[in-house]
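1. Sequence and predicted structure, then a few things I'm wondering about:
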Amino acid sequence: MSLLNELRIPHMGSVENAKILNWLVAEGAAFSAGQALYEIETDKTVLEVEAEADGVLARCEAREGDERKVGDRVGYVAAAGAAAGDIAAALRALDAPSTTEAAAPMGQVSAEVSADAAEPEPAAVRHSPLVRRLAAEHGVDLTSLRGSGPGGKVTGDDVLAAAGQAAGGVPAVPGYEGVPFHAVANSARRRAIARRLSEAARQTAALTADMQVDLGALLARRAEVNAARKARGEEGVSVLACVAKALAAVLRARPAFNATFTDSHYVLWDAVNLGIAVDTPDGLVVPVIRAADRLDVVGLTEAIRALAQRARDGQLRPDELDGGTFTLSNPGSVGPVLRAEAIINPPQVALLGLPAMLHTPVALPDGAGGYRVEVRPVMRPSLTFDHRALDGGQVIEFLNDLRLRLEQDVERLFAAV
């Protein structure tokens, strides 16, 4: 049995790709169970990968900045206490052309091997899954390449160079050959956002409807509640949390909007897991508040603030980004946006966008059969929905239900606060 064990990127829910940001343990150094070995960036967050058992980092196969798929090997580890000489001998044996022994997973290493890694190869050639994938994508014959990696190993850069796309190169933009430029590589998160939004636009029949809501009563009651909480030394509740509370109640009453549409079934989720879109320096992320309908406005305020802060700090866990059943987007918090039309977050069937609240003249009944003009705090929530799953009448009823809860049922929003 080999002294060495493969170190692979662990499976993390729906995450598919990861970028190696930083090795936190040096080659040849010992580590303990629970110690962070390396840091990765996925399309959703940045996190540290921890060891599940004591050991020694024998080799790092992925450099900082390299991109890998979940399940790919990034290095080798040895058991705790292994002698440096024995580790060096095992690595030499591993690199020998005749080596056919497969290393066994251990510790943080995933016991599952990716489909790419399971493909048979000649015994003398040990191309990484990333190298094989890049070669397939760019039509490069790996047998024709001279590798620049350790022991002549072919790297991803070698494949890209052979394809005429050296790492860090920028594809030419037709018609702009003579225009000066500088380019910044897209992050894994930005590429994932682009891919998912394009897929959503192609695969759903999205429409958007909005409805005017007068927030005067809500803001007045919130001011009273926050004054009382401030007197007790407590944090105030946010307007976003108030809307989220009303929205969660509507979703519970109208489960067709808390759902996923497939060609054969309409999946109605029993839990209201509310995704909150958060704008970060690296792009948009949507952390999830599980069982949001069970929280009051105080709990929702705290949950939204905590998730938003961890999102901006890049500290979200993978489980905090999965399982959302409906998304709430709040672009109005960034600027005076008048309409909050958005693209649906698959596999959900709808998304609610909140534009800015504006004080605007509104015609109100004067009690004598006429109208008076009064300046009111108004917002127009926008519901983007998949018309394959939902019809216009349902959408109007949904928005009207939300409006009534925010205008006329304000006391219930602040119950038990």
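-> Looks like it arrived, so ask away.
2. Kindly tell me how buried the nearest residue to residue 271 once chain neighbours are set aside is, as a neighbour count.
-> Take residue 271 and drop its neighbours on the chain: the residue closest to it by CB to CB, 6 or more residues apart in numbering is residue 291, 5.8 Å away. Backbone N, C-alpha and C define where each C-beta goes, glycine included. Residues lying near residue 291 (other CB atoms under 10 Å) number 11.
3. what sits against residue 291?
-> Applying CB atoms under 8 Å, 6 or more residues apart in numbering to residue 291 gives the contacts 271-273.
4. Can you tell me which of those residues comes closest to residue 247?
-> residue 272 (8.8 Å; CB to CB).
5. need the contact list for that closest one.
-> 248, 251-252, 258, 291-293, 325-326 are the contacts of residue 272 under CB under 8 Å, 6+ apart.
6. Angles on the backbone of it, please.
-> Phi and psi for residue 272, reported as degrees, to the nearest 10, are phi -100, psi 90.
7. now swap in residue 199 and tell me
-> Here is the backbone geometry of residue 199 (degrees, to the nearest 10): phi -60, psi -40.
8. Same check on the one 5 residues further on?
-> Backbone dihedrals for residue 204, given as degrees, to the nearest 10, come out at phi -120, psi 160.
9. any idea how far it lies from residue 350?
-> Going from residue 204 to residue 350 by CB to CB, to the nearest Å gives 10 Å.
10. Can you pull the residues that touch both of the two?
-> In contact with both residue 204 and residue 350: 344, 386, using CB under 8 Å, 6+ apart.
11. between these two, who's got more neighbours?
-> The residue with more neighbours, out of residue 204 and residue 350, is residue 350; 24 against 21, by other CB under 10 Å.
12. SS state for the residue lying farthest from the centre of the chain?
-> Relative to the centre of the chain, and counting by CA atoms, centre = their mean, the farthest-placed residue is residue 368 at 54.0 Å. On the three-state scheme (DSSP: H, G, I helix; E, B strand; the rest coil), residue 368 is labelled coil.
13. where do the helices sit along the stretch 101-250 of the chain?
-> Along the stretch 101-250 of the chain, counting by DSSP state H, counting those that start in this stretch, helices occupy 129-138, 156-162, 188-203, 216-231, 239-253.
14. What distance do you get for the closest residue in space to residue 302 that isn't next to it in sequence to residue 304?
-> Nearest residue to residue 302, sequence neighbours excluded (CB to CB, 6+ apart): residue 235, at 7.6 Å. Relative to residue 304, residue 235 is positioned 12 Å away (CB to CB).
15. quick one, which of these two is more surrounded?
-> Higher neighbour count among residue 235 and residue 304: residue 304, with 23 against 12, using other CB under 10 Å.
16. Pretty sure residue 237 is one of the things the more buried one touches, is it not?
-> No. Between residue 304 and residue 237 there is no contact under CB atoms under 8 Å: 10.2 Å.
17. Just to check, residue 230 is in contact with residue 224?
-> No. Contact status for residue 230 versus residue 224: not in contact, 10.9 Å apart, counting by CB under 8 Å.
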